[in-house]
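Undergrad: Mind folding the following:
(2 chains)
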Amino acid sequence: MLRLDQVSKTFRLGAFGSRELTAVKDVSLTVGPGEVVSLIGESGSGKTTIGRMALGLATPTKGRITFDGVPVSGLRGRASHGYHRQVQGVFQDPFSTFNPVFKADRVFTLVRDGFFGSVPAARWRQKVEAALHGVRLEPADVLDKYPHQLSGGQLQRMLIARALLLDIRLLVADEIISMLDASTRIDVLNLLGELKATGLGVLFVTHDLALGTYISDRTVILRAGEVVEAGPTETVFTNPSHEYTRDLLAAVPHLHRRWDEPVK
Amino acid sequence: MPLQVDDLKVYYRTLRGDVRALDGVSFTVADGEIMGVVGESGCGKSTLGKALVRLDNRMKHVGGTVTVDGQTLPIADDRAMNRFRFTSVSIIPQYAMSALNPTRRIGRLVADLLDARGMSYAATRPELIRRLALVGLPETVLDNYPMELSGGMKQRVVLVLSTLRDPALLVADEVTSALDVSNQRAVAQTLVEFRDRGYVRGMLVVTHDISLVYQIADTIMVMYAGRLAEKAPSDAVVTEPLHPYTQLLIGALPEVGARFSERRLTGIPGRPPGLRNPPQGCRFRARCPLAVDKCAEQPPFVEVAENHHVACWKAGS
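TA: As a prediction, the model looks like this:
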């Protein structure tokens, strides 16, 4: 479905673009239907840039990104519109995604204006309610409210519901749970697990290895823009072949083992 | 004893009545103790941390006392508190990364700060540089602007600043939540190091990440809806939690290696009660799988085993 071939992204820095920063270097990966691929790395490893490129928000400097064989970068107008009907993103900070001036359910109205202008109001409302039930929110709790009246978990689930309204096939989830509470986190993760069973592909960007393993089929570990290790999640976690992966794993806080205790 | 809190109540004033964010909390922090304060968003953990250092204008001190080294803090009096801030209580705020003035070089910022406290920058500089080295930062960061530093570096700069006068108590509010795992570990271990070196005598580490706080804390205190649910040595909280809320909270944490397809974890159903009109009795009652009629009565926060306090009728019986 989504395919990245030797993708690189270079940013120009400094007043006259005199310095270059390679944020992503020769990254190849694929996400198939019903597959969750975790993209794990530290801050600055290029994981968010990859997500943005997959969404068509940034163009790769080198390499190709295709979705069902169609190049993603350079989509304009109607083609870009069609792409975003199938591929949507949800980002880290639900609080800054919403415009505090408007009610939070405006995100749904905007989807209707953009994609479903011909759907009658009553049908649309049903559709919104179904999507909200899908992310286990009670419509009465969240509709007609301002963002500050809702919790982070509610806002984040509304954004997932918004993405689901479009019958998407691929979701780019960029750190979607790092701002949520432990209990809400697991609810959102379980939700992704259920959606995956319906055939949704997910590119799951995170720095949290525990959460990455819980949900993903394949894991890609990034360091400074390059893939250091990639493979089935089981293999990467139980038998990491790269030293960097082992270091990362060692830094994860475990619940029953302290950092200085040896691995059992 | 660096900190003793007795029946502390802090409410938020809103147009529609008071929000009882902190509703009768009592505990002590012993010399050299790192206490982790955990709970869901809105449980009052940050309010507790802030109340010990500075009440913002929406917060109202309703009752209770805070004692640091035998001196009662005038927490309701913003100006009188100035004498205690930085020297006996200090805080690393939740958004420490944006706590640094972006228009000043770090060194200049520190000089301003010390000046405001009547201290000489020149005299403090050697100690400052020593402590920066301890957290792995070179002297040159003093000539950097905050934007030139990474999140982890900024966090460590703020840690050094907050503890420069060796406060009796340090409140660290979500200091690691915005960092990635390697930086998280480095910052957390620095907190322990500062305690070990005696720069800080007691510490409250406020976080929602139990697995992180388990790594560094001696005691973990679990809060729920403005009250204490459980407080015990960190091993006891993690291995044999007694409050049903703690049990569910720990059950919701994925370990590295846990898989959705193999063992599905569950969140805690329901949501915490609103604190404008909190329910009578145990506030966890509505979400609690063990709730009985007795829970309509507020359970006392009692010691059921050595150093293990819990507020639940079912615990220890």
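Undergrad: Which helix or which strand is home to residue A:20?
TA: Using DSSP states H and E, residue A:20 sits within strand A:19-31.
Undergrad: And the next helix or strand past that strand?
TA: strand A:36-40.
Undergrad: Can you list the strands that that following strand pairs with?
TA: strand A:201-206 (parallel), strand A:218-223 (parallel) (DSSP bridges).
Undergrad: Which one of those strands lies nearest to residue B:95?
TA: strand A:201-206 (21.1 Å; C-beta to C-beta). The C-beta positions use only the backbone N, C-alpha and C, and glycine is treated the same way.
Undergrad: what residues does that closest one touch?
TA: The contact list for strand A:201-206 (C-beta atoms under 8 Å, 6 or more residues apart in numbering or on different chains) reads A:1-2, A:31-40, A:47-48, A:50-51, A:54, A:169-175, A:177-178, A:192, A:195-196, A:212, A:215-216.
Undergrad: switch the cut-off to 6 Å
TA: For strand A:201-206, the external contacting residues (C-beta atoms under 6 Å, 6 or more residues apart in numbering or on different chains) are A:1, A:31, A:33, A:35-39, A:47, A:51, A:170-175, A:192, A:212, A:216.
Undergrad: would you put the C-alpha positions of it in PDB?
TA: Provided in PDB are the C-alpha atoms of strand A:201-206 (Å, rounded to 0.1, in the frame of the first residue of the first chain):
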ATOM      1  CA  GLY A 201      -2.800   0.200   7.900                       C
ATOM      2  CA  VAL A 202      -1.100   2.300  10.500                       C
ATOM      3  CA  LEU A 203       2.300   4.100  10.500                       C
ATOM      4  CA  PHE A 204       2.800   4.400  14.200                       C
ATOM      5  CA  VAL A 205       5.400   7.000  15.100                       C
ATOM      6  CA  THR A 206       6.600   6.900  18.700                       C
END
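Undergrad: Spell out which parts of the stretch 51-200 of chain A neighbour chain B.
TA: A:181, A:182, A:183, A:186, A:187, A:193 (C-beta under 6 Å from any C-beta of the partner chain).
Undergrad: Of all residues in chain B, which one is nearest the centre?
TA: Residue closest to the average C-alpha location in chain B (C-alpha atoms, centre = their mean): residue B:206, at 2.4 Å.
Undergrad: looking at the sheet around that one, what are its partners?
TA: residue B:37, residue B:173.
Undergrad: before we move on, the earlier item: from the residues of the stretch 51-200 of chain A next to chain B, which land in strands?
TA: Members of those lying in strands (criterion: DSSP state E): none.
Undergrad: Would you map the helices across the stretch 1-150 of chain B?
TA: For the stretch 1-150 of chain B, the helices defined by DSSP state H, counting those that start in this stretch occupy B:45-51, B:78-81, B:106-116, B:121-134.
Undergrad: Mean pLDDT added to the ones you listed, as TSV?
TA: Listed next are the helices of the stretch 1-150 of chain B as TSV, based on pLDDT from 0 to 100:
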stretch	mean pLDDT
helix B:45-51	90
helix B:78-81	90
helix B:106-116	92
helix B:121-134	92
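Undergrad: in the chain, what spans have low per-residue confidence?
TA: Just so you know, I chose chain A. Residue ranges of chain A with pLDDT under 70: A:15, A:17, A:262-264.
Undergrad: Hmm, no, I was thinking of chain B.
TA: B:256-257, B:316-317.
Undergrad: tell me, which helix in it spans the most residues?
TA: In terms of residue count, the longest helix belonging to chain B (DSSP state H) is helix B:181-196.
Undergrad: Okay, buried residues for it please.
TA: Within helix B:181-196, the residues that qualify as buried are B:181-188, B:190-192, B:194-195, counting by 16 or more other C-beta atoms under 10 Å in any protein chain shown.
Undergrad: next one: stretch A:5-20
TA: For stretch A:5-20, by 16+ other C-beta under 10 Å, it's A:7, A:8, A:9.
Undergrad: Distance to residue A:89 and secondary structure for those - can I get that in CSV?
TA: Below are the buried residues of stretch A:5-20 laid out as CSV (distance: C-beta to C-beta, whole Å; DSSP: H, G, I helix; E, B strand; the rest coil):
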residue, distance to residue A:89, secondary structure
A:7, 17, strand
A:8, 21, strand
A:9, 16, strand
